[in-house]
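# give the three-dimensional model of this entry:
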Amino acid sequence: MKPFIHLPFVLLIIGLIIGSPSSYGIPAFSKKESLNCSSCHSALPALNGYGRNYKLSGYRINEPTRPTRPAPRGGNTIDPASVFPISAGIILRPYDKKGSGVDKNRVVHEVELMIAGTIAENISGFLELEAEDEDDFEIFATVAQGTYSVNSAINIQFSRAPNFYFDPFNSYTSSRRSTINRNAVIDQSFGGADNGANLRSKRQNLTAFGRIENFFYGLSYSGVANDNEGKDADTFVTRLAYEFSPTLMLGGMMVNGNCSRESGGGGDGGPCFLADREYSRMAVDAQWTVLNDSLTLNAVYMSADDDLVDGIGKESNDAFYIQGFYNFLKDGEVFISPVIRYDNYEVNNGMYEVDAWTFGVSNFIQENIKLRAEYSDRRGEGPVSDDDRFTLQVDAYF
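Numbers count the residues shown, from 1 in each chain. All right, here's what the predicted structure looks like:
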């Protein structure tokens, strides 16, 4: 049996807890609003309640609700009009090793460029360009969206993005995850009827969403995954969430779609080349913040149904995860943030079951620069083999 955790991981955690100081960073939103990153993020990039409201308001602050802590940077107020809403990011992976693979020295793994903010009185936008080592650093638009905000209850968004990009909570999104590894709910393609892809895959979306007091809703009309032209669009997404208190949210989502022979590969051997295939995803989720907002717990349970390749019969698989991260503070700012997650999912119509543990720790050298170490251990059945992974990563945003 392979060791459950690597010695270098333990040593690095000890070193991080002993180590670095905390100071301030200058991403575009933070600089524009003269606020610290922790005003909107519980542990970057996960959003807290204020960050969710800022996103839902089209990147605008309602002055009466402006946080009084942390204080503006250096006590100075910056004219928002003088700040060009652009940020850049670089992700370094000096060490990345899977038990099934070789050591990788991915010193520069990914670079990102983000332009976001208000365009007009009721219009906001977000554009993210990125280049990764896996794609030979070709530049891709990973998210492109424009939003018309009537008020907090009615927002209309046009986007090429994952299904739940509009969702301010952290349950079904990849961009605001607290781990390097993605959770099973958004990362598995299950029966493959969604063009052989998963929830985090990009697609064309027309979305209405908003908040009415403590109730959040989202309704989206989309194409299948990774179809840039949205041909034969026939996917409908519903997202509902209710915040019983500032620290407790319960919600759910439903996705119903159809991968047609035209949109899903036609006659070229794609996942829907024999017949139109319907698919559905239904889930419930919860988010709970306790211990003076230091500990955040997330849990999701999802059921996935996919038509078989010939369009006759269905395949059903379930998946769930539960995750928690804790923020240790220093001088009022997040200093160390350990995270643990358990994933469980089925494959081949529930015939086989896979579970995985992920352990990670982030050291916020500055608010906008964090050093991460993560170890994951997967125990598979059937077509999914056992595997583990140890990764060192640096995330820096400017």
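# and residue 118, what are its bridge partners?
Beta-bridge pairing for residue 118 (DSSP bridges): residue 124.
# check for me that residue 138 belongs to a strand.
No. Secondary structure of residue 138 (DSSP: H, G, I helix; E, B strand; the rest coil): coil, not part of a strand.
# confidence score at it?
Looking at residue 138, its pLDDT stands at 93.
# what about stretch 188-206, distance to the chain center?
15 Å (CA atoms, centre = their mean, to the nearest Å).
# give the buried residues for it.
188-205 (16 or more other CB atoms under 10 Å). For the C-beta atoms, the positions are set from N, CA and C on the backbone; glycine is no exception.
# then stretch 152-163?
155, 157, 159, 160, 161, 162, 163.
# ok, now which ones touch the last one?
Think residue 163. Counting by CB atoms under 8 Å, 6 or more residues apart in numbering, residue 163 touches 172, 199, 203, 205, 220, 222, 235, 237, 255.
# switch the cut-off to 6 Å
Contacts for residue 163 (CB atoms under 6 Å, 6 or more residues apart in numbering) come out as 199, 237.
# who's in contact with the one helix or strand residue 354 maps to?
Assigned by DSSP states H and E, residue 354 falls within strand 352-366. Residues outside strand 352-366 that contact it (CB under 6 Å, 6+ apart) are 13, 16, 20, 23, 25, 179, 181, 334, 336-346, 370-382, 384.
# not counting sequence-adjacent ones, nearest residue to the residue positioned nearest the centre of the chain?
For the chain, residue 174 is the residue whose C-alpha lies nearest the centre (CA atoms, centre = their mean; 2.2 Å). The shortest distance from residue 174 to any residue other than its chain neighbours is 4.2 Å, reached at residue 200 (CB to CB, 6 or more residues apart in numbering).
# tell me where this structure has helices.
Residue ranges of the helices in the chain, as given by DSSP state H, are 7-18, 28-33, 49-56, 184-187.
# show me what the shortest one is packed against.
So the one you mean is helix 184-187. On a contact count with 3 or more CB pairs under 6 Å, 6 or more residues apart in numbering; DSSP states H and E, helix 184-187 meets strand 314-326.
# list the buried residues of the strand it packs on.
Quick answer for strand 314-326 (16+ other CB under 10 Å): 315, 317, 319, 320, 321, 322, 323, 324, 325, 326.
# and if you look at stretch 271-290?
271-272, 274, 276-281, 283, 285-289.
# how about those, which pair is most distant?
274 and 289 (47.1 Å; CB to CB).
# contacts only, for residue 297.
By CB under 6 Å, 6+ apart, the neighbours of residue 297 are 288, 324.
# and it, what are its bridge partners?
Under the criterion used (DSSP bridges), residue 297 bridges to residue 288, residue 324.
# next one: it from residue 248, what distance?
To residue 248, residue 297 is 10 Å away according to CB to CB, to the nearest Å.
# intersection of neighbour lists for the two?
residue 288.
# residue 148: neighbouring residues, count only.
15 (other CB atoms under 10 Å).
# the closest residue to it other than its chain neighbours bridge partners, please.
The shortest distance from residue 148 to any non-neighbouring residue, by CB to CB, 6+ apart, is to residue 156 (4.7 Å). With DSSP bridges as the criterion, residue 156 is bridged to residue 148, residue 208.
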